[in-house]
Structures are given as C-alpha cells and as structure tokens.
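Peer 1: no sequence on this one, just coordinates:
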C-alpha cells in the first residue's frame, strides 16, 4: 500500500509553483517599467538638446540688443509683415480690405513704431501708432503722407528736423544717437517707394545701418551695412526724430 503524500507537502509544492509564476510576472513588470522609464529619460534628454529655431526677426533683435553691430543704435526691428498685425486695416477709407493692410501699406507706421520704441525705451507696436494716426495720413495716390512724421513728433513731445536730402545733416544726427527716417524711391529696396529707419553710421568706414520694416531673411537688409553713395542714389528725403 502506497503512502499518501502529506497535505502540507502538497500545499508547499503548490505554493512554490505559484510563487515561481508570481516572481516571473513581477520581474516581467519591473523590466517593462524599466524600459518605459529609460525611453522617457531618452526623450527628455533629446528635448533638452533640441534647440527651438528662432525667426529672422528674433535673431536680428537679439544681435541688436547684444550690441553685435558696431556704431549702431539699439533700435528694434519691427516688421509690417508681423503676423500679429499684418492683416490690420490701414489705407484708403472704405477701400478693399485685402489691399489696405499694414502688411502692404504700413512701412511708415512700422518705422514710427521703431523710432518711438527706441526713444521711450518701451515697446511700441504699429497697432499703437495706428491708434493715434488712423487712416487720416493715407491717400490712394501718395500712400502715407510725409506730414505724419512732424505731426507724430509734435504730439509726442519729440524734437524734429526735416533734413531734406542733406546727407551731412543725416550723418551728424546719427552720430548723436538720433534715429533718421528715410524715404526711398522705387529701386533696390522697393518697387513702389518705401520708408525705413537709419539706425547707425560708422564715420571711419562711411557706412550706414538701417532697419527695413519689410525685411526678410532672404533680403537681410537690416544686417548689412550700406555705402553713402548707394543710399544717396536710393533716397528722396530724410527726417530726424529725437529727444
């Protein structure tokens, strides 16, 4: 007659088998958790290494703020094509909203925003200028009237000088740290006429810096220096606005 296996021994065997399977399950779970944690760590490290690419506008303004351009005022570049305001209406009263926007007509408005931001040491956007000007200085045939510059200076307690086409006066004002607005004819900078801001002058090299409100990375006008003779060929008139 065979001996019966004790109950406790059978129970122990069953427990051993169950524990073995449970240990395998736990080890498998821990291994999967470790894999997930490692993957998350890799993603975090990649995210830290990944550098967010700056726009041309951001790159230029970073360089201006860091004084990387010699003999240049810290006048911020403000673009009329900025998505924050490019579609804002500016132009002929009750005109075509597609053709009358800051993106198309706003070079003078954006230029005043640059000058004002520099003089008052605080951000002034084309929308702020537009609150003051409305469309009252704009005409279909002429675009923005040059009278906007003297009126803006007068109403904001700035000093103003119409420099006409006198380049020597332009140089003198720039060397004193006075922004100079420049109007150019159709040519290198524009097909229809344009307003920009002269932001610096190097007396040693006789070269000028400018801020172009319609600039792009492809043009890169704001990071180039321009010769006097070249500017004289393009320019029609200059105005200094300062304190």
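Peer 2: Thanks, I have the structure now. Computed from a predicted model, the values in this text were never measured in an experiment.
Peer 1: where along this protein do the strands fall?
Peer 2: Assigned by DSSP state E, the strands in the chain fall at 138-139, 143-144, 159-164, 180-184, 194-202, 207-211, 226-227, 235-242.
Peer 1: I'd like the mean pLDDT over the fourth one, please.
Peer 2: Which is strand 180-184. Mean per-residue pLDDT for strand 180-184: 99.
Peer 1: thinking again about what came up before, out of the strands of the chain, flag the one nearest residue 173.
Peer 2: Among the strands of the chain, the nearest to residue 173 by Cβ to Cβ is strand 235-242 (4.2 Å). Backbone N, C-alpha and C define where each C-beta goes, glycine included.
Peer 1: Can you name every helix or strand that the closest one contacts?
Peer 2: Strand 235-242 sits against helix 107-120, helix 147-155, strand 159-164, helix 167-175, strand 180-184, with contacts defined as 3 or more Cβ pairs under 8 Å, 6 or more residues apart in numbering; DSSP states H and E.
Peer 1: And the fourth one, what's buried?
Peer 2: This points to helix 167-175. Going by neighbour count (16 or more other Cβ atoms under 10 Å), the buried part of helix 167-175 is 169-174.
Peer 1: Quickly name whichever of the residues you listed is closest to residue 42.
Peer 2: residue 174 (52.8 Å).
Peer 1: Enumerate every residue touching that closest one.
Peer 2: By Cβ atoms under 8 Å, 6 or more residues apart in numbering, the residues touching residue 174 are 73, 180, 198, 200-201, 208.
Peer 1: tell me the domain ranges of the chain?
Peer 2: Split into domains by automatic domain parsing, the chain comes to 7-50, 56-242.
Peer 1: Next, the distance between the ends of the last one.
Peer 2: Going back to what we said before, that points to domain 56-242. Using Cα to Cα, to the nearest Å, the end-to-end distance of domain 56-242 comes to 28 Å.
Peer 1: burial of residue 141, as a residue count?
Peer 2: Residues lying near residue 141 (other Cβ atoms under 10 Å) number 5.
Peer 1: Same question for the one 4 residues further on.
Peer 2: For residue 145, the neighbour count with other Cβ under 10 Å is 13.
Peer 1: Leaving out chain neighbours, which residue sits closest to it?
Peer 2: Spatial nearest neighbour of residue 145, chain neighbours left out: residue 137 (4.6 Å); criterion: Cβ to Cβ, 6 or more residues apart in numbering.
Peer 1: The one you found touches residue 143, doesn't it?
Peer 2: No. With contact defined as Cβ atoms under 8 Å, residue 137 does not reach residue 143; the gap is 9.2 Å.
Peer 1: Common neighbours of the two, please.
Peer 2: residue 108.
Peer 1: that older thread, ok, and which of the domains of the chain has the densest surroundings?
Peer 2: Mean neighbours per residue, mean count of other Cβ atoms under 10 Å, is largest over the domains of the chain for domain 56-242, with a mean of 18.
Peer 1: next one: it to chain centre, how far?
Peer 2: Centre-to-centre, domain 56-242 and its host chain are 15 Å apart (Cα atoms, centre = their mean, to the nearest Å).
Peer 1: need the contact list for the spatially closest residue to residue 221 that is not a sequence neighbour.
Peer 2: Leaving out its chain neighbours, the residue that sits closest to residue 221 by Cβ to Cβ, 6+ apart is residue 212, at 4.2 Å. Contact partners of residue 212, counting by Cβ under 8 Å, 6+ apart, are 77, 189, 194, 196, 219, 221-222.
Peer 1: Fine by me, we can end here.
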